[in-house]
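>>> Sequence first, predicted coordinates after that:
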Amino acid sequence: MSVRPKLVTVVVAVVLVLAGLVALPIHANSDLPFDWFRNLNSTAWGYTQVEDPSEYGSGGLVERFELRMGDCDKNEHVDDCKSNQERIELIELDRPADPLNGEVWYRWKMYFPDGYRNIYPAKTHHVRFVERDDKIVWSFEIGSTGVFWLGNYVSDEHTYYPLIDEDELLSQWHELSVHAKWGSDSGFFRVWVNNLQKVNYVGTTCRSCRLRLGYGIMRSGLDHYYKSNPGNDLPTQVIYYVGFERSTSGIEYPGYVPPQTTHTPTVSEQPKTLKPVLIIETTSKKTSGIDQLELDKGAAEVPNRDRD
């Protein structure tokens, strides 16, 4: 991205914040912080920060996303209204300049309130890893049966991994963790839900690997919903998030394994090498009246011939 378009994007973000249309996201304690931007939605109800809605809430603020029928917008690259899409999401401001090629850990919590409705055969994406032109690579979404699953869109053959059953999804917080090794040739994508590993994918994890992460509510294929439900309106959907973070170390994340270290002995731990003992054997005969022990003591001293 050139300096001028990037500057324009930053200025627009600042203007929206000052106008009260964008609330700054709640930042988690992350060693690799995000720079979020509100994407293709400027409604007053779309993004707010509220008290924890759960029965055993922590008392802190959480992020609330709300998407209503008709909440579509467009920019120079994407026209959601023409593409049968609607969204309210926060997405990383910039795509990385270089492809990702290492290991990264991600973690967040999400809460589906009672009354959340599935809109199958349309899709509802909640956490997305996307490449250029909003191309989805990995998506945490609601599946056809109401199950919350992970969609693998890296190749043309899409694969889905069930994560949370429909009867366990609503009215409770769920913690999700991802350990990804990004690579266009090889890598892995592992997922834990509430500290239980659900996915252990090994293979290509991205194409260009210049990935951005977005979260909130993004629904696509709305024309399929209207065809299957003629005369019915799309339901309003609400979801809550808290604690989005990522790390390059993964310490204290589910599945973290401390690296194996090679111990280098200190000086005091180095094995001791015994010095050879010089033994001088005398060739003189044993003198009567002189104890052999005294001869042995004298044998350790080398005569100084310079004194003779």
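Yep, that arrived.
>>> For stretch 33-52, measure first residue to last.
One end of stretch 33-52 to the other measures 23 Å (C-alpha to C-alpha, to the nearest Å).
>>> isn't Thr48 right up against Ile88?
No. Thr48 lies out of contact with Ile88 (C-beta atoms under 8 Å); the separation is 10.5 Å. Yep, even glycine has a C-beta here, placed from its N, CA and C like the rest.
>>> neighbour-wise, which of those two wins?
Relative neighbour count places Ile88 above the other of Thr48 and Ile88, with 25 against 13, counting by other C-beta atoms under 10 Å.
>>> Is that one part of a helix or strand, or is it coil?
strand (DSSP: H, G, I helix; E, B strand; the rest coil).
>>> which residues does it contact?
Asn41, Thr43, Gly46, Tyr47, Phe65, Glu66, Leu67, Asp71, Gly216, Ile217, Met218 (C-beta atoms under 8 Å, 6 or more residues apart in numbering).
>>> what do Thr48 and Ile88 both touch?
Shared contacts of Thr48 and Ile88, counting by C-beta under 8 Å, 6+ apart, come down to Glu66.
>>> of all the contacts of Ile88, which comes closest to Gly183?
Nearest to Gly183 out of the contacts of Ile88 is Met218 (C-beta to C-beta; 25.5 Å).
>>> Look up phi and psi at that closest one.
When read as degrees, to the nearest 10, the backbone of Met218 gives phi -140, psi 120.
>>> so it makes contact with Asp134?
No. Judged on C-beta under 8 Å, Met218 makes no contact with Asp134 at a distance of 9.2 Å.
>>> higher neighbour count, those two?
Using other C-beta under 10 Å as the criterion, Met218 and Asp134 rank with Met218 on top: 29 against 19.
>>> sorry, back to before: most widely separated two among the contacts of Ile88?
Thr43 and Met218 (14.3 Å).
>>> Return the residues in contact with Arg190.
Val178, His179, Ala180, Gln197, Val199, Asn200, Tyr201, Gly255.
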